[in-house]
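> Sequence isn't available, so here's the structure alone:
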């Protein structure tokens, strides 16, 4: 199953992970990892409902595992269950206080609420993440997006530029900055940034945005 998973053959991986769970071999020390691996496989193909089932099973077996609560929270967010996502991420941080990725994830959930309060809380979380890890390009970019929502374009541009300086291959920062440039009336800067994003990651979304 792990080999199939690593090769990107998710259907075959899911089949074999399921066989292991059906066998339920109590003598196998790695059996407890199977729900996590199968959940990640479901997550990769966008089947968040089944992924949630597996992550909940894994959390039940390992209730002190911060990473599992973090993964569960991210999956809830993908499934548009923001309340449950915030609860899971809060539990993750109970078990691991300075969990930078989790703080960024919670900021993303708050931002997805699309409310003034949510943007305020997201800005707080991204700022806190940057105190813990000033080189976190995701936190810089997302803080920029939160600032953009408040109309603070210059500050947003600075955060996205900081993300690009840290990781010049982080196409999301170029995408975000292109929008800010456009809103600031810098058409050339916007076109340059979206062109760079396309070169790094030639997705249909980036091509559409360039058009």
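Structure received. Predicted, not measured: the structure shown is a model, and the values here were computed from it.
> quick one: stretch 156-164 to chain centroid distance?
18 Å (Cα atoms, centre = their mean, to the nearest Å).
> what's the model's confidence in it, averaged?
Across stretch 156-164, pLDDT averages out at 97.
> List the buried residues of that stretch.
156, 157, 158, 159, 160, 162, 163, 164 (16 or more other Cβ atoms under 10 Å). In this view, the C-beta of every residue, glycine as well, is placed from N, C-alpha and C.
> can you pull the buried residues of the longest helix seen in the chain?
Longest helix of the chain, by residue count under DSSP state H: helix 116-132. For helix 116-132, burial by neighbour count (16+ other Cβ under 10 Å) applies to 118, 119, 121, 122, 123, 124, 125, 126, 128, 129, 130.
> Determine how far the helix or strand that that helix is followed by lies from the middle of the whole chain.
Next helix or strand after helix 116-132 toward the C-terminus (DSSP states H and E): helix 137-149. Offset of helix 137-149 from its chain centre (Cα atoms, centre = their mean): 13 Å.
> Which elements pack onto the helix or strand just after helix 137-149?
Per DSSP H and E, the first helix or strand lying C-terminal to helix 137-149 is helix 153-166. Contacts defined by 3 or more Cβ pairs under 8 Å, 6 or more residues apart in numbering; DSSP states H and E place helix 153-166 against helix 137-149, helix 171-183.
> among these, which is nearest residue 193?
helix 171-183 (3.7 Å; Cβ to Cβ).
> Please enumerate residues in contact with that closest one?
For helix 171-183, the surrounding residues in contact (Cβ atoms under 8 Å, 6 or more residues apart in numbering) are 137-138, 140-141, 144-145, 148, 153, 156-157, 160-161, 163-164, 167, 187, 189-194, 196-197, 200-201, 206, 209.
> That one relative to helix 153-166, how many degrees between them?
150 degrees (axes from the mean of the first three to the mean of the last three Cα atoms, to 10 degrees).
> how about helix 171-183: buried residues?
Within helix 171-183, judged by 16+ other Cβ under 10 Å, the buried ones are 171, 172, 173, 174, 175, 176, 177, 178, 179, 180, 181, 182.
> Over to stretch 129-142?
So, applying 16+ other Cβ under 10 Å, buried residues of stretch 129-142: 129, 130, 136, 137, 138, 139, 140, 141, 142.
> before we move on, what about stretch 32-50?
Those would be 33-43, 47-48, for stretch 32-50 by 16+ other Cβ under 10 Å.
> before we move on, back to that, show me the contact partners of the longest helix of the chain.
98, 100, 103-104, 106-108, 110-112, 136, 139-140, 142-143, 146-147, 149-150.
> Drop anything exposed from the residues you listed.
Using 16+ other Cβ under 10 Å, the buried ones in the contacts of helix 116-132 are 100, 103-104, 106-108, 110-111, 136, 139-140, 142-143, 146-147, 149.
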